[in-house]
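*Asks:* Sequence and predicted structure are below.
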Amino acid sequence: MNGNLEYYRVFYYAAEYKSLTRAAKELSISQPAVSQSMKMLEEALNTKLFLRTARGIRLTTEGEILYEYVKSGYEQIAQGEQVLKKLLNLEAGELHIGASDMTLQYYLLPFLEKYHEMYPGIKVKVTNGPTPETIEKLQEGMFDFGLVSTPFDKAEDMEVIPVREIEDVFVAGRKYIRLKNHMTDFHELTEYPIISLEKNTSTRKYIDGLLWENQVVLHPEFELATSDMIVQFALSNLGIGCVVRDFAKEYIESGKLFELRFNKMIPKRQICVITSQKMPVGFAAKRLLELLLQKKQETAEEKQPENK
């Protein structure tokens, strides 16, 4: 490119208003400065762009050709500024989230409802998948942030923010009612058909690891893709299902399923927000994250005992 970009800016206003005086006023510079810029641009391009007239200036043939391109560029810049303004005001834009069935259904969904009411112009894309897949796609730059459940392998460039506790339970239907008030040992699970998630999930990884520490290895009769289906299989008395409590809560409270009691506690886990330090979080996504973290803070304050 020949010439300083500022020269083209001055050229645009001079050509637009066909007046060096008007261009100087719009640009808040002196008329001699406008004249000097035009002279420098003409020298850089080795051609005459303006002709002086009694009424001001007019473009030469070369000037007319250049003006059409410069004008198009300025119009594109103006449109870009308008789009950017809408993005910054959250009037438009989009965000991409990775989440599992559980984190979406029992944590994220209420926030998405509120967010959509506040910013209806923002397009929200949620990609559903297990925790390992969510982490992989986050690192590839496909998500603004992810919602995953522990345990998972934390990358060095990953920021992890716990936002909610979750609890794993084993549930069964009437066929196994004899276990309802029985204090069960983990080893006893090997005597029954087990319904679990597939091995590539954080829930399965966590439960397998916990049982391994207690010298127990399960070989599930049914390995399913979703926790909702595990609950349905348990309701059909096909075995003892392992799920996050939220999925079975309704059926436990209604008495259609019961929760097994163990002589050892199953430690609670966490739903976490994850972001990658390599990839900047989009403006729209930042606002949703603010809502998530605000709720976390409010919940923490509610749990604190009142000062006496």
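*Replies:* Looks like it arrived, so ask away. Numbers count the residues shown, from 1 in each chain.

*Asks:* And the helices in the stretch 201-308 of the chain?
*Replies:* 202-213, 227-235, 245-254, 283-303 (DSSP state H, counting those that start in this stretch).

*Asks:* weakest of the ones you listed in terms of mean pLDDT?
*Replies:* The minimum mean pLDDT among the helices of the stretch 201-308 of the chain belongs to helix 283-303 (a mean of 82).

*Asks:* Need the contact partners of that one.
*Replies:* 87-88, 90, 93-97, 111-112, 114-115, 119, 122, 144-145, 161, 163-164, 273, 275, 281 (C-beta atoms under 8 Å, 6 or more residues apart in numbering). Where you see a C-beta, it was placed from the backbone N, CA and C, and this is true even at glycine.

*Asks:* What ranges does the stretch 1-150 of the chain have for its strands?
*Replies:* 50-53, 56-59, 93-99, 122-128, 145-149 (DSSP state E, counting those that start in this stretch).

*Asks:* Measure how buried residue 236 is and give me the count.
*Replies:* Using other C-beta atoms under 10 Å, residue 236 has 11 neighbouring residues.

*Asks:* That one and residue 222, how far apart?
*Replies:* In this view, residue 236 and residue 222 are 11 Å apart by C-beta to C-beta, to the nearest Å.

*Asks:* do residue 234 as well
*Replies:* 10 Å.

*Asks:* returning to what we had before: can you flag the buried ones in the contacts of helix 283-303?
*Replies:* 87, 90, 93, 95-97, 111-112, 115, 119, 122, 144-145, 163-164, 273, 275, 281 (16 or more other C-beta atoms under 10 Å).

*Asks:* Among residue 234 and residue 222, which residue is more densely surrounded?
*Replies:* Shown here are residue 234 and residue 222; by other C-beta under 10 Å, residue 234 has more neighbours (28 against 16).

*Asks:* what are the bridge partners for the nearest residue to the more buried one once chain neighbours are set aside, then?
*Replies:* Nearest residue to residue 234 in three dimensions, chain neighbours excluded: residue 241, at 3.7 Å (C-beta to C-beta, 6 or more residues apart in numbering). Here residue 241 sits in beta bridges with residue 171, residue 195, going by DSSP bridges.
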